[in-house]
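Colleague: sequence and predicted model, in that order:
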Amino acid sequence: MMKIWFSILLIGLSFKTVVAQTVKIDTEKLLEYYETQRYAEAAQYLQSLYPTDTQDAKALTQIAYCQMMAGKLPDAEKNYMKINTLQPNTIPVLFSLASISSRRGNSANAKTYLQQIIQLDRKNFSAYKQMATYADTPESKLEYLKKAHSLNATDPDISYDLATVYSGLKQFQPAYDVLKTAIAADPENFTLQQIQLPITNRLGKYEEVIETGEKLLKVHADANIMNEMGQAYFYVKNYQRCIDLFKMLEDMGMQNEGTLYYMALSYRELKDYDKAAIYAQKTIDEAISDHTTLYYAALAGIYEAKKQYNDAVIAYKRGLTFGNSNIIHYRLGLLYDINLKQPKNAVTYYRLYLKNIPDQKKEKEQIAYARDRITLLAVK
């Protein structure tokens, strides 16, 4: 009996050897398929050389790869699953399965395969990078991106994504630091420099925004670049350059409420009150938003500067129709008190200001002034 089983085993091994020896791949033909990206034909050719139930992992890998590249995802997945059974925990195979699952919209399976890779290799940069795309929250995405970044701090894609998440979470300094490292490794990466501009602005590094922005404008006159530069020029008090940049956007039909608002303020600082009023009105017309009250306050302030006090009152009160505003209440109190000499109205608006509980620390002086004026004017 033992001799019979031994004979069967020898026959089986001999058969496998014969099959392996009879499979002769025409490498030139296969290379031509690859070079011309005829992957479906390559897969068919390889399949014609092996039996349908082949257990040859190398052959299955070639076939599965060609099927995946040809878009035959169910067939590719079936063969990669076979390989995964024959050779469990093979990282390239798991990556291929993750990719196929992702392309077929099965995020859960893709995450499972990527998590398996991470369990096998805690320092696999690509696995963490891909896992970030499947994160359920900004916080979990941040953790995956931070891990990937710790493994490769100069990768531009990871740097871009990580900085974007940091920025979305209002963590501007870490976002800036991530981009600074990546840009130092690739000084000609204009994409990274462009995304860094608004972050740099938020950190108050206005001179850096201007320096970088001027270089970028020589490469491409992008509206986002001009927008960030215009703001930076405003804050360094170069109001004319701010106006020039935002006027270019307006001429291209790419203005928005923000650019128009900065133009209004810049014209006001240059004491061109007529244009300041025009652009304050344009700001209001551009969009009615949560900031509309602030824009009316700006318009009213311009009228005050022009000594058009009645117009200022109308603008302030119009602003109040869009929402309560401590700034406007206080400014109306001052306007009625100092310029229009109407103490009763002044007291009314000073009291409204105090009633709305202004910030006790930031507005300490205004609060004290309003209380003093109420006491003094109420006596008269």
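Modeller: Received it, and whenever you're ready, just let me know what you need.
Colleague: how close does Thr112 get to Asp337?
Modeller: 69 Å (CB to CB, to the nearest Å). To be clear about C-beta, it is placed using only N, CA and C from the backbone, and glycine gets the same treatment.
Colleague: of the two, who's got more company?
Modeller: Applying other CB atoms under 10 Å to Thr112 and Asp337 shows that Asp337 carries more neighbours, namely 22 against 14.
Colleague: contacts only, for Pro138.
Modeller: Contacts for Pro138 (CB atoms under 8 Å, 6 or more residues apart in numbering) come out as 165, 168-169.
Colleague: before we move on, what about Phe190?
Modeller: Contacts of Phe190 by CB under 8 Å, 6+ apart are 216, 219-220.
Colleague: list phi and psi for it.
Modeller: For Phe190, the backbone dihedrals (degrees, to the nearest 10) come out as phi -70, psi -30.
Colleague: what stretches of the stretch 251-380 of the chain score poorly on pLDDT?
Modeller: Within the stretch 251-380 of the chain, the ranges that satisfy pLDDT under 70 run 287-288, 379-380.
Colleague: tell me which stretches of it form helices.
Modeller: 257-269, 273-286, 292-305, 309-320, 326-334, 343-355, 364-379 (DSSP state H, counting those that start in this stretch).
Colleague: tell me what the fifth one is packed against?
Modeller: Helices and strands touching helix 326-334, by 3 or more CB pairs under 8 Å, 6 or more residues apart in numbering; DSSP states H and E, are helix 292-305, helix 309-320, helix 343-355, helix 364-379.
Colleague: if we go to 6 Å?
Modeller: helix 309-320, helix 343-355 (3 or more CB pairs under 6 Å, 6 or more residues apart in numbering; DSSP states H and E).
Colleague: out of the helices of the stretch 251-380 of the chain, which comes closest to Asp186?
Modeller: helix 257-269 (30.3 Å; CB to CB).
Colleague: that closest one: which residues count as buried?
Modeller: 257-268 (16 or more other CB atoms under 10 Å).
Colleague: what does stretch 340-357 give?
Modeller: 340, 343, 345-354.
Colleague: same check on stretch 123-141?
Modeller: Per 16+ other CB under 10 Å, stretch 123-141 contains these buried residues: 124-132, 134-135, 141.
Colleague: what pLDDT, on average, does that stretch get?
Modeller: Stretch 123-141 shows a mean pLDDT of 93.
Colleague: circling back: just put the buried residues of helix 257-269 in TSV and tack on distance to Thr200.
Modeller: Below are the buried residues of helix 257-269 laid out as TSV (distance: CB to CB, whole Å):
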residue	distance to Thr200
Glu257	22
Gly258	17
Thr259	18
Leu260	23
Tyr261	21
Tyr262	17
Met263	22
Ala264	24
Leu265	21
Ser266	20
Tyr267	26
Arg268	26
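Colleague: closest one of those to Ile83?
Modeller: The closest of these, once distances to Ile83 are taken by CB to CB, is Gly258, at 55.1 Å.
Colleague: so which of the contacts of Pro138 wins on neighbours?
Modeller: Val165 (23 neighbours).
Colleague: just give the closest residue to that residue, not the sequence neighbours.
Modeller: Leu142 (5.0 Å; CB to CB, 6 or more residues apart in numbering).
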